[in-house]
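Trainee: A structural model of the following input is requested.
(2 chains)
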Amino acid sequence: KAGVTQTPRYLIKTRGQQVTLSCSPISGHRSVSWYQQTPGQGLQFLFEYFSETQRNKGNFPGRFSGRQFSNSRSEMNVSTLELGDSALYLCASSVTGGNSPLHFGNGTRLTVT
Amino acid sequence: KNEVEQSPQNLTAQEGEFITINCSYSVGISALHWLQQHPGGGIVSLFMLSSGKKKHGRLIATINIQEKHSSLHITASHPRDSAVYICAVPPFGNEKLTFGTGTRLTIIP
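Mentor: Numbers count the residues shown, from 1 in each chain, chains lettered A, B, ... in the order given. Predicted coordinates:
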């Protein structure tokens, strides 16, 4: 069974640009959640989607958004990038959400210059 | 607000030692996750547990729901166990995971 696939693995953007990251979950998993990891703040929850609906959102500004498609693939978008958005962005898929085992992708490392 | 505390933050031990990492949380939960992160960033889910104890190879996880506390134990530690171990909890009725700050484990041969 293929694991969770995140693309791209690395990304370099400049301030003010926008970026879209992609996450393909394990087949049959309907929940996809996104996380930001920085040295200063650690791992933080961004949002979680289940069957194309956002069920929960973390404490991030509106510049961070996401969506989920009917095949459960998910994208997250960050607009008007700031230097502080430089981070490792991870997604995880599961059958039903946080109360079922999580499977993480390898992450996308975003650098904003 | 859900707070998750881990201890210790850093742990260095000799190969073969028994390792214990602790996690305490402040709100009611239905499950707790233990995660392992190696250099390079990839995260592997080790355990998800809601009561009692789970064992996988040399790893054992326990949870006491009443005391809001969980422990991760590693028996016969090995240098390949060197990683950051993170606990994470979703509060009742919520998928919004809150993470501990992680425990950086280094096993010396």
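Trainee: so does stretch A:53-73 get close to chain B?
Mentor: Yes. Between stretch A:53-73 and chain B, judged by Cβ under 8 Å from any Cβ of the partner chain, the touching residues are A:55-58. To be clear about C-beta, it is placed using only N, CA and C from the backbone, and glycine gets the same treatment.
Trainee: for the spatially most central residue of chain A, helix, strand, or coil?
Mentor: In chain A, the centroid-proximal residue (Cα atoms, centre = their mean) is residue A:34; its distance is 3.3 Å. State at residue A:34, reduced to three classes by DSSP: H, G, I helix; E, B strand; the rest coil: strand.
Trainee: and the residue of chain B found nearest chain A, what does it touch?
Mentor: Residue of chain B nearest chain A, by Cβ to the nearest Cβ: residue B:90 (3.2 Å). Residue B:90 makes contacts with A:97-99, B:29-31, B:96-98, as judged by Cβ atoms under 8 Å, 6 or more residues apart in numbering or on different chains.
Trainee: most neighbours among those, which one?
Mentor: The most crowded member of those is residue A:98, carrying 27 neighbours; neighbours defined as other Cβ atoms under 10 Å in any protein chain shown.
Trainee: ok, the host helix or strand of residue A:23: who's next to it in the sheet?
Mentor: Using DSSP states H and E, the element containing residue A:23 is strand A:19-24. Sheet pairing of strand A:19-24 (DSSP bridges) gives strand A:5-7 (antiparallel), strand A:74-78 (antiparallel).
Trainee: about what we covered before: in strands only, show me the contacts of residue B:90.
Mentor: residue B:98 (DSSP state E).
Trainee: now tabulate the contacts of residue B:90 in a markdown table and tack on pLDDT and distance to residue A:77.
Mentor: Formatted as a markdown table, the contacts of residue B:90 follow (pLDDT from 0 to 100; distance: Cβ to Cβ, whole Å):
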| residue | pLDDT | distance to residue A:77 |
| --- | --- | --- |
| A:97 | 76 | 22 |
| A:98 | 66 | 23 |
| A:99 | 75 | 27 |
| B:29 | 83 | 30 |
| B:30 | 81 | 31 |
| B:31 | 88 | 30 |
| B:96 | 82 | 20 |
| B:97 | 86 | 21 |
| B:98 | 90 | 24 |
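Trainee: how about the contacts of residue B:90 in JSON lines, adding distance to residue A:45?
Mentor: Listed next are the contacts of residue B:90 as JSON lines, based on distance: Cβ to Cβ, whole Å:
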{"residue": "A:97", "distance to residue A:45": "12"}
{"residue": "A:98", "distance to residue A:45": "9"}
{"residue": "A:99", "distance to residue A:45": "14"}
{"residue": "B:29", "distance to residue A:45": "14"}
{"residue": "B:30", "distance to residue A:45": "16"}
{"residue": "B:31", "distance to residue A:45": "15"}
{"residue": "B:96", "distance to residue A:45": "5"}
{"residue": "B:97", "distance to residue A:45": "5"}
{"residue": "B:98", "distance to residue A:45": "7"}
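Trainee: which one of the contacts of residue B:90 sits closest to residue A:91?
Mentor: residue B:97 (12.4 Å; Cβ to Cβ).
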